[in-house]
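Q: Fold the following for me, if possible:
(chains A and B)
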Amino acid sequence: DAGVIQSPRHEVTEMGQEVTLRCKPISGHNSLFWYRQTMMRGLELLIYFNNNVPIDDSGMPEDRFSAKMPNASFSTLKIQPSEPRDSAVYFCASSFWGGGQGRSPLHFGNGTRLTVT
Amino acid sequence: AQRVTQPEKLLSVFKGAPVELKCNYSYSGSPELFWYVQYSRQRLQLLLRHISRESIKGFTADLNKGETSFHLKKPFAQEEDSAMYYCALSGTYKYIFGTGTRLKVLA
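A: Numbers count the residues shown, from 1 in each chain, chains lettered A, B, ... in the order given. Below you'll find the model as predicted:
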């Protein structure tokens, strides 16, 4: 099992550019989460999907952020246009939610370190 | 309201001293509690979950439903334990994380 795979590991871009972060969850997991981590705000949940459907996107900071999950093995987080304050580490995580049977632990990817200049 | 509280942002202890990282939660139901560890510039890794009652790297945590706590303990801290520790609660669909406690183990 390769775990949750994120790409790229590092992204440096200029303000105003579009940024796309990618995530491949663990095979068999049906829940996917995007988190943002900064020194000032800690770990923030941006959005989560269950069975490819966005369940709660209340953590998405503003309309410049969007996330998709076109199938069970792929998700993207897009920022357009990017701003310096978006600089952070973005983590993707996945788990299995079995309804009344509970949930497997959350598994995190290695993160994408985004720097917007 | 569903909430996880880690009251200490930073905890410094000397090598060989006992460690206790505090975690309190608020949840209307039967939660599942976890501890995650993040070493410098790495991903968050699962350290413990309360239902497994395991001891990982010498750490243990007991769920106290009366006090709604899930404190993380280790009898003798090691320098390699220096990291960020997050307590998390699994509710319906999603996880709720605390703000984390940075543990520094001094030589």
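Q: Spell out which residues of chain B are next to chain A.
A: Residues of chain B lying near chain A by CB under 8 Å from any CB of the partner chain: B:32, B:34, B:36, B:42-46, B:49, B:86, B:88, B:90, B:93-95, B:97, B:99-100. Placement of C-beta: from N, CA and C, glycine included.
Q: What subset of the residues you listed is buried?
A: Buried members of the residues of chain B next to chain A, counted by 16 or more other CB atoms under 10 Å in any protein chain shown: B:32, B:34, B:36, B:43-44, B:46, B:49, B:86, B:88, B:90, B:94-95, B:97, B:100.
Q: Which pair of the residues you listed spans the longest distance?
A: Distance extremes for these: the farthest pair is B:E32 and B:R43 at 20.5 Å, using CB to CB.
Q: List the contacts of the residue positioned nearest the centre of chain A.
A: By CA atoms, centre = their mean, chain A has its centre lying nearest to A:W34, at 2.7 Å. Going by CB atoms under 8 Å, 6 or more residues apart in numbering or on different chains, A:W34 touches A:23, A:45-48, A:67, A:75, A:77, A:90-92.
Q: Is it in a helix, a strand, or coil?
A: Of the three states, A:W34 takes strand under DSSP: H, G, I helix; E, B strand; the rest coil.
Q: What helix or strand is the nearest residue to it once chain neighbours are set aside located in?
A: Spatial nearest neighbour of A:W34, excluding adjacent residues (CB to CB, 6 or more residues apart in numbering or on different chains): A:L46 at 4.4 Å. Secondary structure assigned from DSSP states H and E places A:L46 in strand A:42-50.
Q: helices or strands next to that strand in the packing?
A: strand A:31-38, strand A:53-56, strand A:65-71, strand A:74-79, strand B:95-97 (3 or more CB pairs under 8 Å, 6 or more residues apart in numbering or on different chains; DSSP states H and E).
Q: re earlier: the residue nearest to A:W34: neighbouring residues, count only.
A: 20 (other CB atoms under 10 Å in any protein chain shown).
Q: and stretch A:3-14, average pLDDT?
A: Summarised as a single mean, pLDDT over stretch A:3-14 is 97.
Q: buried stuff in that stretch?
A: Buried residues in stretch A:3-14 (16+ other CB under 10 Å): A:4, A:6, A:11, A:13.
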